[in-house]
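Enquirer: Build me a structure from this.
(chains A and B)
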Protein chains: 2
Amino acid sequence: MKIYTYHTPERVPADWQPDCAIAVDVLRATTTIATALAAGAEAVQVFSDLTELEQVSQQWPAAKRIRVGERGGKKVAGFDMGNSPAECLPERVRGCRLFMSTTNGTRSLERIQASPLVLAAALVNRAAVAEFVQKHQPETVWIVGSGWEGSYSLEDTVCAGALIHYLWGQQDAPLETLAGNDETIAATALYRYYQDDLLTLFHHSSHGQRLLNLGNEADLKYCAQVDILAIVPWQVSPKLLTKA
Amino acid sequence: MKIYTYHTPERVPADWQPDCAIAVDVLRATTTIATALAAGAEAVQVFSDLTELEQVSQQWPAAKRIRVGERGGKKVAGFDMGNSPAECLPERVRGCRLFMSTTNGTRSLERIQASPLVLAAALVNRAAVAEFVQKHQPETVWIVGSGWEGSYSLEDTVCAGALIHYLWGQQDAPLETLAGNDETIAATALYRYYQDDLLTLFHHSSHGQRLLNLGNEADLKYCAQVDILAIVPWQVSPKLLTKA
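Expert: Here you go, the predicted model:
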């Protein structure tokens, strides 16, 4: 297995596809996707365009749809939810489809949608995703952070590192054999350096700061938890994710 | 002081300039620049274009010029040197001007040339550059890695982290106050994780591998040394560096 880490969707190579691609947007899209599916949501369908989201969701039974729209860390006016995993309670989402558009998370899922196996990972479901990958043994894996509007983010990189660290623990090989690029080695070092203090790292990250300023400290705490959900969100058709 | 780290010249913002900008290309351009100036070279003039380099250097006395050309880790045919710091012996470079073009290092120096204070740093002169910055107290500092053809590199990022770590040690402030972006915090973690084993990290980096395959193990060992040269290369006019 060779693992290639990309800090943002813009960094992903245009000339080849991996056997497996994993989107990461810890604050908060992939955490919310994992939480919604764990709470019984039927599926999560992602959109980059809000108008397209409204049109497609319109054809779904009103009682079975939840529109999730977030821009700049805030809920989009007129939408049902604003990308907070705290809102994904079982009584709210069970049996429903989430129609979701977020500032950054959507773009990484879009960028990797052509891969034969597309997953969504956050810290909350890190071990579940890593075990699933380990079971399928893809030869090449991309881990694609979402970043913030094209920039590197600490929280997505440390989550990539957490995934790699777990996968590495299951291989009989040194890290440099597993690493397809330099980013993979650096992400692992970041995780190993901060693994006992992830919440502090989130407080230092620029997007963590942004969410704190918007009063989302509870979300930060939730998103910094590791391996609490045994859920693997995977793509059944382009940009449509269900529980594997 | 606010420090902004950019993994490659392409990541540098287009809409503002810092008070001080530091180019980093540990393997090997900025290591070679520091070594040449420490060995008595009069100056290092950098070029992205090989033809322009040949034209400009032509006007310099033959005994006082050294043409340094590197592409893909190898010496350019017809040039005097190929970007190895090992060639910068005092008897070879004393009193000479180096006319230099390398695959990656040149681009980061070009990208930051408009800043009022432009420096070149590597691990070999890390403390000297950090002390110089500390003395000048710029409000904003960019550290710009060269990477490899637009991609992230471990060795430049760990050198950025080494610089930040040194500067941080001289401030009475937490790292997050000093850090202008997420990359600055991650680079510091990478350095702190690998600080006692930098040569191993270089062996794992993709450009380190490339140089090893070309038989440059001695250069890797040299470039992984920290604080061995009390030299600060600074820009006196665009793309012309002398000893500060």
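
Enquirer: Mean pLDDT per helix and strand in chain A: which one sits at the bottom?
Expert: None of the helices or strands of chain A scores lower by mean pLDDT, DSSP states H and E than helix A:105-111, at a mean of 88.

Enquirer: Quick one: list the elements packing against it.
Expert: Packing partners of helix A:105-111 (3 or more CB pairs under 8 Å, 6 or more residues apart in numbering or on different chains; DSSP states H and E): strand A:20-24, helix A:29-38, strand A:43-46, strand A:140-145. Every C-beta, even on glycine, is put in place using the N, C-alpha and C of the backbone.

Enquirer: if you set the cut-off to 10 Å instead, what comes out?
Expert: Where contact means 3 or more CB pairs under 10 Å, 6 or more residues apart in numbering or on different chains; DSSP states H and E, helix A:105-111 is packed against strand A:20-24, helix A:29-38, strand A:43-46, strand A:118-121, strand A:140-145.

Enquirer: would you turn the ones you listed into TSV with mean pLDDT?
Expert: Formatted as TSV, these follow (pLDDT from 0 to 100):
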stretch	mean pLDDT
strand A:20-24	98
helix A:29-38	98
strand A:43-46	97
strand A:118-121	98
strand A:140-145	98
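
Enquirer: Ok, which of those comes nearest chain B?
Expert: Ranking the helices and strands packed on helix A:105-111 by proximity to chain B (CB to the nearest CB) places strand A:140-145 first, at 10.7 Å.

Enquirer: C-terminal to the closest one, what's the next element?
Expert: Using DSSP states H and E, the helix or strand that follows strand A:140-145 towards the C-terminus is helix A:154-169.

Enquirer: what comes up buried for the one helix or strand A:Val236 maps to?
Expert: Element membership for A:Val236, per DSSP H and E: strand A:233-237. Using 16 or more other CB atoms under 10 Å in any protein chain shown as the test for burial, strand A:233-237 gives A:Pro233, A:Trp234, A:Gln235.

Enquirer: Closest to chain B out of those?
Expert: Of those, the one sitting nearest to chain B (CB to the nearest CB) turns out to be A:Pro233, at 25.0 Å.

Enquirer: Relative to A:Ala122, how far out is that closest one?
Expert: The gap separating A:Pro233 from A:Ala122 is 9 Å, by CB to CB, to the nearest Å.

Enquirer: and for these two, which residues touch both?
Expert: Overlap of the contact sets of A:Pro233 and A:Ala122 (by CB atoms under 10 Å, 6 or more residues apart in numbering or on different chains) consists of A:Ala23, A:Thr30, A:Ile33, A:Ala34, A:Thr35, A:Val129.

Enquirer: In this structure the last one contacts A:Ala21, no?
Expert: No. Under the contact definition of CB atoms under 10 Å, A:Val129 does not touch A:Ala21, with a separation of 11.8 Å.

Enquirer: tell me which strands and helices the strand holding A:Val236 is in contact with?
Expert: In terms of contacts (3+ CB pairs under 10 Å, 6+ apart), strand A:233-237 is packed against strand A:20-24, helix A:29-38, strand A:43-46, strand A:118-121, helix A:126-136, strand A:240-243.

Enquirer: export these to TSV and tack on mean neighbour count and distance to chain B?
Expert: Below are these laid out as TSV (neighbours: other CB atoms under 10 Å in any protein chain shown; distance: least, CB to the nearest CB, whole Å):
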stretch	mean neighbour count	distance to chain B
strand A:20-24	29	14
helix A:29-38	29	17
strand A:43-46	24	24
strand A:118-121	28	19
helix A:126-136	19	18
strand A:240-243	20	27
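
Enquirer: what about the spatially most distant residue from the centre of chain A, helix or strand, and which?
Expert: For chain A, the residue at maximal distance from the C-alpha centroid (CA atoms, centre = their mean) is A:Asp172, at 27.3 Å. Here A:Asp172, judged by DSSP H and E, is contained in no helix and no strand.

Enquirer: how near is it to A:His7?
Expert: Counting by CB to CB, the gap from A:Asp172 to A:His7 is 28 Å.

Enquirer: How about A:Ala120?
Expert: Remark: distance between A:Ala120 and A:His7 (CB to CB) = 17 Å.

Enquirer: Over to A:Ser115?
Expert: A:Ser115 sits 18 Å away from A:His7, taking CB to CB as the criterion.

Enquirer: Same drill for these two, tell me which one is more crowded.
Expert: Using other CB atoms under 10 Å in any protein chain shown, the more surrounded residue of A:Ser115 and A:His7 is A:His7, with 28 against 20.

Enquirer: Make sure that one is actually in contact with A:Ser151.
Expert: Yes. Using CB under 10 Å, A:His7 makes contact with A:Ser151 at a distance of 8.2 Å.

Enquirer: Between the two, which contacts overlap?
Expert: Common neighbours of A:His7 and A:Ser151 (criterion: CB under 10 Å, 6+ apart): B:Arg11, B:Asp182, B:Glu183.

Enquirer: Out of these, who's the most crowded?
Expert: In terms of neighbour count, B:Glu183 stands highest of those at 29 neighbours, by other CB under 10 Å.

Enquirer: For that residue, which non-adjacent residue is closest in space?
Expert: Nearest residue to B:Glu183, sequence neighbours excluded (CB to CB, 6 or more residues apart in numbering or on different chains): B:Thr5, at 4.0 Å.

Enquirer: count of residues packed around A:Trp60?
Expert: Neighbourhood size, A:Trp60 [other CB under 10 Å]: 15.

Enquirer: Repeat that for A:Gly95.
Expert: By the measure other CB under 10 Å, the count of residues near A:Gly95 is 10.

Enquirer: That one and B:His7: what is the separation?
Expert: Separation of A:Gly95 from B:His7 (CB to CB) stands at 44 Å.

Enquirer: before we move on, the earlier item: what touches both of A:Val129 and A:Ala21?
Expert: Counting by CB under 10 Å, 6+ apart, the shared contacts of A:Val129 and A:Ala21 are A:Leu119, A:Ile143.

Enquirer: still on that earlier bit, quick one: the helices and strands packed on strand A:233-237 as JSON lines, columns for distance to A:Ile228 too.
Expert: Output for the helices and strands packed on strand A:233-237, formatted as JSON lines (distance: least, CB to CB, whole Å):
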{"stretch": "strand A:20-24", "distance to A:Ile228": "16"}
{"stretch": "helix A:29-38", "distance to A:Ile228": "9"}
{"stretch": "strand A:43-46", "distance to A:Ile228": "18"}
{"stretch": "strand A:118-121", "distance to A:Ile228": "13"}
{"stretch": "helix A:126-136", "distance to A:Ile228": "9"}
{"stretch": "strand A:240-243", "distance to A:Ile228": "16"}
